[in-house]
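K.L.:
I need the structure of the sequence given here:
(one chain, ligands or ions: 1)
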Amino acid sequence: MSKLLKKPVKLALVQLASGAKKTKNLENARIKVLAAAKEGAEIIVLPECFNSPYGCDYFPSYAETLLPSPPTAEQSPSFHALSAIAKDAKTYLIGGSIPELDTKTGKYYNTSLTFSPRGDLLATHRKVHLFDIDIPGKITFRESEVLSPGNKVTIVDLPEFGKVAIAICYDIRFPELAMVAARHGCFALIYPGAFNTTTGPLHWKLLAQARAVDNEVYVALCSPARDMGASYHAYGHSMVVDPMAGVLVEAGEGEEVVFAELSGEKIEETRRGIPIYGQRRFDVYPDVSASGVRFEDEASEVKS
Ligand SMILES: NC(=O)CC(=O)C(=O)O
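P.N.:
Reported below is the predicted structural model:
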């Protein structure tokens, strides 16, 4: 038996088509998550900004207040919707991300909420690395004009399975975060993410496979469906990659739910075959996972 993943688990990625109407997005998420649960999924993932369009112009008007926790239904309809969906589906629900406003500081965040099958909040992850890029003639995006970054690595214990790490989209470009999470015993790295039609074709699958092969863990990326009528064209192609970097499943561009079976034996088999976990040379380079890693958000009462 694997210590990392105690028993096989069925994961579902809901590549949701979200529009301008938040109530409609929440209702659509509910329908799709309940249907995925009926298919046997035990961990279900929603995309980045699943309750709103994605873009700096939208963050403030869609932002919800999560603190103090639990928020009221007026402060955060998405918190309450996600909690109820998880409870009704009786599954773990990684609620993609939503724009958040911390009313104490006036700062906005891109925040993911994870709920237990009883509907309890297990963890909150605020996107750590903000999506600030400028590829002339292609895409310029500056999340930092509106958002503030989170400041911790988020690892969630799902007691009957094991630990997963939650991070958001651009966070996948930073191998240190993934390595820290893997070295702290996660069986999967889960990234709700909205890559775009410039970076997606080149980097989405490459990064999923890179983080998987670096760390010999499962990697799951969950995108919104592509909407060519929106100001931001999400790439789609939600996918699950196994610890050998094989693509287990990949969605197309439209609304779709994809499933994958994850097993501890696949992780063990990979690590037996290519035993990098016993071959690192910390006499040659430093162990980034050993010290100075922040797992708690000390500045706020946000649940880690
Ligand atoms: N949207 C993001 O956060 C990241 C992205 O699209 C990219 O890295 O490319």
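K.L.:
tell me where the model's unsure across the stretch 201-304 of the chain.
P.N.:
298-304 (pLDDT under 70).
K.L.:
up against the ligand, what does this structure have?
P.N.:
131, 169-170, 173, 194-196, 199, 203 (C-beta under 6 Å from any ligand atom). Quick note: C-beta positions are derived from backbone N, CA and C, even for glycine.
K.L.:
just the buried residues of these.
P.N.:
131, 169-170, 173, 194-196, 199 (16 or more other C-beta atoms under 10 Å).
K.L.:
closest one to Pro47 out of these, please.
P.N.:
Ala194 (6.5 Å; C-beta to C-beta).
K.L.:
nearest to Pro117, of the residues of the chain next to the ligand?
P.N.:
Cys169 (25.7 Å).
K.L.:
quick check: phi and psi at Leu158.
P.N.:
phi -110, psi 100 (degrees, to the nearest 10).
K.L.:
surely it touches Tyr92?
P.N.:
Yes: the criterion here is C-beta atoms under 8 Å, and Leu158 meets it with Tyr92 at 5.5 Å.
K.L.:
give me the common contacts of these two.
P.N.:
Residues touching both Leu158 and Tyr92 (C-beta atoms under 8 Å, 6 or more residues apart in numbering): 43, 122.
K.L.:
if you drop the residues flanking it in sequence, what lies closest to Leu207?
P.N.:
Closest residue to Leu207 apart from its sequence neighbours, by C-beta to C-beta, 6 or more residues apart in numbering: Ile172 at 5.0 Å.
K.L.:
OK, contacts around Ala20?
P.N.:
With C-beta under 8 Å, 6+ apart, Ala20 has these contacts: 52-53.
K.L.:
quick one: contacts for the residue nearest to Leu207?
P.N.:
178, 189, 191, 193, 207-208, 211, 221.
K.L.:
export the residues you listed to TSV and tack on distance to Val45?
P.N.:
Converted to TSV, the contacts of Ile172 look like this (distance: C-beta to C-beta, whole Å):
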residue	distance to Val45
Ala178	16
Leu189	12
Tyr191	9
Gly193	10
Leu207	17
Ala208	13
Arg211	15
Leu221	9
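K.L.:
which among those gets closest to the ligand?
P.N.:
Gly193 (6.2 Å; C-beta to the nearest ligand atom).
K.L.:
if I look at the closest residue to that closest one other than its chain neighbours, how far off is Val156?
P.N.:
Take Gly193 and drop its neighbours on the chain: the residue closest to it by C-beta to C-beta, 6+ apart is Cys169, 3.5 Å away. Noted for Cys169: a distance of 18 Å to Val156, by C-beta to C-beta, to the nearest Å.
K.L.:
pretty sure His110 sits in a helix.
P.N.:
Not His; residue 110 is Asn. No: going by DSSP: H, G, I helix; E, B strand; the rest coil, the assignment for Asn110 is strand, not a helix.
K.L.:
isn't it up against Cys49?
P.N.:
Yes: in this structure, Asn110 is within contact of Cys49 by C-beta under 8 Å, at 7.1 Å.
K.L.:
so what sits against both of these two?
P.N.:
97-99.
K.L.:
now the residues you listed as CSV including secondary structure, neighbour count and pLDDT?
P.N.:
Converted to CSV, the shared contacts of Asn110 and Cys49 look like this (DSSP: H, G, I helix; E, B strand; the rest coil; neighbours: other C-beta atoms under 10 Å; pLDDT from 0 to 100):
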residue, secondary structure, neighbour count, pLDDT
Ser97, coil, 29, 98
Ile98, strand, 29, 98
Pro99, strand, 23, 98
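K.L.:
so which of those residues would you say is closest to Phe295?
P.N.:
Closest to Phe295, out of all of the shared contacts of Asn110 and Cys49 and judged by C-beta to C-beta, is Ser97, at 19.1 Å.
K.L.:
surely that closest one touches Phe131?
P.N.:
No: contact criterion C-beta under 8 Å: Ser97 and Phe131 do not qualify, at 11.8 Å.
K.L.:
before we move on, the earlier item: between Asn110 and Cys49, point out the one with more neighbours.
P.N.:
Shown here are Asn110 and Cys49; by other C-beta atoms under 10 Å, Asn110 has more neighbours (31 against 28).
K.L.:
show me what that one is bridged to.
P.N.:
Pro99 (DSSP bridges).
K.L.:
for it, what are its contacts?
P.N.:
Counted by C-beta under 8 Å, 6+ apart, Asn110 has contacts 48-49, 59, 97-100, 126-127, 130, 143, 147, 168.
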